[in-house]
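Asker: sequence and computational prediction follow.
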Amino acid sequence: MLKAEIFKANDIRGIVGAEWDTQGAWALGRAYAQLSPEPRIVVSRDMRVTGPDIQAAFMAGVTSGGVSVGDAGLASTDGLWFASGALNLPGVQVTSSHNPSAYNGLKFCLPGAKPVTPRFLADLAELARAIDAGTAPAAPAGPEGTVTTADMLGDYVAYLLSCVDLTGLRHLKVVVDAGNGMAGYTAPAVLSHLDVELVGLYLDLDGTFPNHQPNPLEPANLVAAQQAVRQHQADLGVVFDGDADRAFMIDETGTVVNPSAITAMIAVQELAREPGGTIVVNTITSRAVHEIVGELGGRVVESKVGHTYMKALMAEHQAIFGGEHSAHYYFRDFFGADTGMLAALVVLATLGRSEQPLSALVRQYTRYAASGEINSTVTDQAAAMERVAAALGSGAVVTRTDGLKLAADDWWLSLRASNTEPLLRLNVEARDPAVMAGLRDAALDLIKED
């Protein structure tokens, strides 16, 4: 079973048993083998309950098509990007990132962790559905591929530690909330090499997510870490999503740091190493990042939201760093891919070399009031966007390259459909907090007319 709705803009995600199943996973593997020009790939999975069966079925489909598999077992998504980069092989991660436990999915990359194209995803969807339905032309017969073990955790940890100067740091107390996701596997392995007192929350792997959902974009899923930072008087809190490719930072007061401020902080560090370098951001990143990068002589390139778009521009422009509002952070030193753990290490190193607390360090990178991302379930997303454009777009520059964006001198508003969920996402930023609040509330009222 492979229903059309599981094929998203950047990957595959759906409810196992209702929207796809192991038969569909086998068909996807067989289709992948027929489309892949490479004789070998690397595959891993996160801790979701359905992961072992989905991974096994997908790999069986791949090997039935004559392509061999390096089975990396359990890995974070950035662990899979590392394996692809280090081995120079195409990679597939079995994960549904931050989605609830009933979901699972697949993320793909080319050799060297390079992004796949939208055309590849469309071709894969078409062929896999035909195979699943029994209507695909018979593929040429040939020898089956093999499966070998490719445990990459130790190499992943060593590589991350080599990417950041971690010498001379003061002792830090760090709260890590893994949300029962893959950071429970990777964060202790990485942080054990540093002078860090780790306060761990929900580090045990549990794909049922018994404590909170693995989506740090929802404020309720950050509360436990905020409380722990205050209770333990920690210097830093880090909350990862389910597959640990994203990381939200919490300062010593228990306040969540806007990911745009973290993007600016890391961009400053990277531009110090390579003056004049290029930074990639998405359409919802704060204007403060554009301003700060420009003041330092760097260049900003703007991307549509989504890891395939971001990674493509990282490669095209040889960008040194990229950041998204959703706390995806991309590093040229990490094959141009996103990694929450490396972002956390850079923030930790910056904090460890300073006598100031994190709240003081990020204050200089916060120049605008932001709504944060507000999600609404909307039946007719296009109609909602048109209502907002008609009511609030007067005097603003209107663009539709990534949903709807209205931009004026001192504010902007973005409204776009989620790439992964049936939601409409609203983001508003303004220099004046009252203006931001007014625009936010007006837009939400218009959206709710649905």
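Answerer: Received, thanks. Numbers count the residues shown, from 1 in each chain.

Asker: find the centremost residue of the protein, please.
Answerer: Residue closest to the average C-alpha location in the chain (CA atoms, centre = their mean): His328, at 4.4 Å.

Asker: pretty sure it sits against Thr308.
Answerer: No: with contact defined as CB atoms under 8 Å, His328 does not count as touching Thr308 (11.4 Å). The way it works is simple: take the backbone N, C-alpha and C, and place the C-beta from them, glycine included.

Asker: re earlier: now for the residue nearest to the centre of the chain: which residues touch it?
Answerer: Contact analysis of His328 by CB atoms under 8 Å, 6 or more residues apart in numbering lists 245-246, 307, 310, 338, 340.

Asker: can you mark which positions in stretch 296-310 are buried?
Answerer: 296, 298, 300, 303-310 (16 or more other CB atoms under 10 Å).

Asker: how about stretch 356-374?
Answerer: So, applying 16+ other CB under 10 Å, buried residues of stretch 356-374: 358, 361-362, 365, 367-371, 373-374.

Asker: helix/strand/coil for the residue sitting furthest away from the middle of the chain?
Answerer: Going by CA atoms, centre = their mean, the residue of the chain most distant from its centre is Ala141, 38.1 Å out. Under DSSP: H, G, I helix; E, B strand; the rest coil, Ala141 falls in the coil class.

Asker: now do it against Gly65, distance only.
Answerer: Distance from Ala141 to Gly65, counting by CB to CB, to the nearest Å: 10 Å.

Asker: out of the buried residues of stretch 296-310, which sit inside strands?
Answerer: Among those, the members found in strands (DSSP state E) are 300, 303.

Asker: which strand residues bridge Ile370?
Answerer: Wrong residue type there; residue 370 is Ala, not Ile. For Ala370, the beta-bridge partners are Glu429 (DSSP bridges).

Asker: kindly report the same for the one 4 residues further on.
Answerer: For Ile374, the beta-bridge assignment (DSSP bridges) gives partners Leu426.

Asker: which residues touch it?
Answerer: Per CB under 8 Å, 6+ apart, neighbours of Ile374: 425-427, 440, 444.

Asker: hmm, 10 Å instead?
Answerer: Residues in contact with Ile374, defined by CB atoms under 10 Å, 6 or more residues apart in numbering, are 415, 423-428, 440, 443-444, 447.

Asker: closest to Tyr202 among those?
Answerer: Proximity of the contacts of Ile374 to Tyr202 (CB to CB) peaks at Leu423, which lies at 24.7 Å.

Asker: the closest one contacts Val378, correct?
Answerer: Yes: assessed by CB atoms under 10 Å, Leu423 is found in contact with Val378 at 7.7 Å.

Asker: what touches both of those two?
Answerer: In terms of CB under 10 Å, 6+ apart, Leu423 and Val378 are both contacted by the residues Ala417.

Asker: helix, strand or coil for the nearest residue to Leu28 once chain neighbours are set aside?
Answerer: Taking CB to CB, 6 or more residues apart in numbering, and ignoring the residues beside it in sequence, Leu28 has Ala128 as its nearest neighbour in space, at 4.6 Å. State at Ala128, reduced to three classes by three-state DSSP: helix.

Asker: circling back to that earlier point, columns pLDDT on top of the contacts of His328, output as CSV?
Answerer: Below are the contacts of His328 laid out as CSV (pLDDT from 0 to 100):
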residue, pLDDT
Asp245, 95
Arg246, 96
His307, 83
Met310, 94
Asp338, 96
Gly340, 96
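
Asker: hmm, which two among those residues are most spread apart?
Answerer: Met310 and Gly340, at 14.1 Å, using CB to CB across these.

Asker: just the strands in the stretch 351-450 of the chain please.
Answerer: Taking DSSP state E, counting those that start in this stretch, the strands of the stretch 351-450 of the chain run over residues 369-370, 374-376, 397-399, 404-407, 411-417, 424-430.

Asker: now for the fourth one, which elements pack on it?
Answerer: Put plainly, it is strand 404-407. Using 3 or more CB pairs under 10 Å, 6 or more residues apart in numbering; DSSP states H and E, the elements in contact with strand 404-407 are helix 381-392, strand 397-399, strand 411-417, strand 424-430, helix 433-448.

Asker: quick one: which of the ones you listed is nearest Ile54?
Answerer: Using CB to CB, the helices and strands packed on strand 404-407 put strand 411-417 closest to Ile54, at 26.1 Å.

Asker: for that closest one, the distance to its chain's centre please.
Answerer: Centroid separation between strand 411-417 and its chain, computed with CA atoms, centre = their mean, to the nearest Å, is 19 Å.

Asker: what segments of the chain are helices?
Answerer: Under the criterion DSSP state H, the chain contains helices at 22-35, 51-64, 77-87, 118-133, 153-162, 183-191, 223-232, 259-273, 287-295, 307-316, 340-352, 358-363, 381-392, 433-448.
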